[in-house]
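# got a structure for you, letters missing:
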Ligand SMILES: NC(=O)c1ccc[n+]([C@@H]2O[C@H](COP(=O)([O-])OP(=O)(O)OC[C@H]3O[C@@H](n4cnc5c(N)ncnc54)[C@H](OP(=O)(O)O)[C@@H]3O)[C@@H](O)[C@H]2O)c1
């Protein structure tokens, strides 16, 4: 039993929910955050059967007040975090996501700003709010769930807003990794590949469980020299 203190954003479904299950199975203490506890039925059921090892908190990563409330709540219950999975994200048009992305020629500023707000700016605001707790953690790590679509070098035509939001996410967290304030916490940018979740859809080739196991192993193996790296779920470097 490892007894690490782990916070996961976007834990109501998909990769986030599977991270919750796997960390619980490893004996970790998990704080799972979701936008709406009422709608997160699978997570609530898991919380009932897991007792004190799983704590569910409300957190909308696009809402500064919600981030601040969640940080206060986690501070009061945990005091420190050893691992933060910044996983919450939206892909325009995927199930459960209000934002659509129109083709070029019909793009709107509102859609673009919403995707950037949740996927990039909101994620860094989460990192900032929980940073003091991470710096008090044991061997602390910030695992940021990015996407291959965030690669500028390997871009052969990606969805405009989603790709740009993940490239911005990468830039923001790589800056954090090498900022003096980022010392002491290993910051990793992770690409899950095309994974079978609501977002990935039914044609996704990579099953959820091994992808999440792979992501966890990549994080487990990482040391200080890896901070700022952009890695896929098998541990291979992804071009920025
Ligand atoms: N699946 C893939 O193929 C794939 C590929 C590359 C990268 N990713 C990335 O992996 C991460 C997880 O994706 P997934 O496939 O698990 O997607 P998913 O099944 O659509 O789940 C997305 C999660 O993010 C949460 N979320 C959305 N907006 C939020 C907000 N404003 N505040 C807090 N939580 C919010 C959702 O909560 P609600 O239930 O409340 O909507 C849900 O828990 C995302 O960052 C995604 O970009 C996925």
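Now that the structure is in, tell me what you want to look at. Please read all numbers here as calculations on a predicted model, not as lab measurements. Numbers count the residues shown, from 1 in each chain.
# Low-confidence stretches in the chain?
Low-confidence segments of the chain (pLDDT under 70): 1-2.
# ok, and for the top helix by length along it, which residues are buried?
Longest helix in the chain, counting residues (DSSP state H): helix 160-178. Within helix 160-178, the residues that count as buried by 16 or more other C-beta atoms under 10 Å are 160-174, 176-177. Using the backbone N, CA and C atoms, a C-beta is placed for each residue, glycine as well.
# cool, and stretch 188-202?
By neighbour count on 16+ other C-beta under 10 Å, the buried set for stretch 188-202 is 188-197, 199-200.
# what do you get for stretch 23-43?
In stretch 23-43, counting by 16+ other C-beta under 10 Å, buried: 23-24, 28-35, 37, 40, 43.
# ok, now stretch 144-158?
144-151, 158.
# for the ligand, what are the nearby residues on this structure?
9-10, 12-16, 34-36, 59-62, 87-91, 94, 96, 118, 145, 147, 192, 194-195, 197-200, 204 (C-beta under 6 Å from any ligand atom).
# center of the protein - which residue?
Centroid-nearest residue in the chain, with C-alpha atoms, centre = their mean: residue 87, separated by 1.4 Å.
# doesn't residue 15 make contact with that residue?
Yes: under the criterion of C-beta atoms under 8 Å, residue 87 makes contact with residue 15 at 5.8 Å.
# what's the overlap in contacts for the two?
Listed as contacting both residue 87 and residue 15 by C-beta atoms under 8 Å, 6 or more residues apart in numbering are residue 145.
# Residue 134: what's it in contact with?
80-82, 84, 140, 142, 185.
# do residue 125 as well
61, 64, 67.
# ok, 6 Å please
Contact analysis of residue 125 by C-beta atoms under 6 Å, 6 or more residues apart in numbering lists residue 67.
# follow-up on the earlier one: will you turn the buried residues of stretch 144-158 into a markdown table that also has secondary structure?
Listed next are those as a markdown table, based on DSSP: H, G, I helix; E, B strand; the rest coil:
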| residue | secondary structure |
| --- | --- |
| 144 | strand |
| 145 | strand |
| 146 | coil |
| 147 | coil |
| 148 | helix |
| 149 | helix |
| 150 | helix |
| 151 | coil |
| 158 | coil |
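# I'd like those residues as TSV, with distance to residue 229 appended.
Formatted as TSV, the buried residues of stretch 144-158 follow (distance: C-beta to C-beta, whole Å):
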residue	distance to residue 229
144	11
145	14
146	11
147	15
148	14
149	18
150	13
151	13
158	21
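# hey, where'd the strands end up in this protein?
Using DSSP state E, the strands found in the chain span residues 5-8, 29-34, 54-58, 83-86, 141-145, 186-191, 230-232.
# how about a markdown table for those, with distance to residue 104 added?
A markdown table is the format used below for those (distance: least, C-beta to C-beta, whole Å):
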| stretch | distance to residue 104 |
| --- | --- |
| strand 5-8 | 34 |
| strand 29-34 | 33 |
| strand 54-58 | 36 |
| strand 83-86 | 29 |
| strand 141-145 | 26 |
| strand 186-191 | 24 |
| strand 230-232 | 26 |
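# hey, where'd the helices end up in this structure?
Using DSSP H, helices in the chain cover 14-25, 41-50, 64-77, 109-116, 122-135, 160-178, 208-221.
# Pull out the buried residues from the last one.
Meaning helix 208-221. Buried, per 16+ other C-beta under 10 Å, within helix 208-221: 208, 211-212, 214-216, 218-219.
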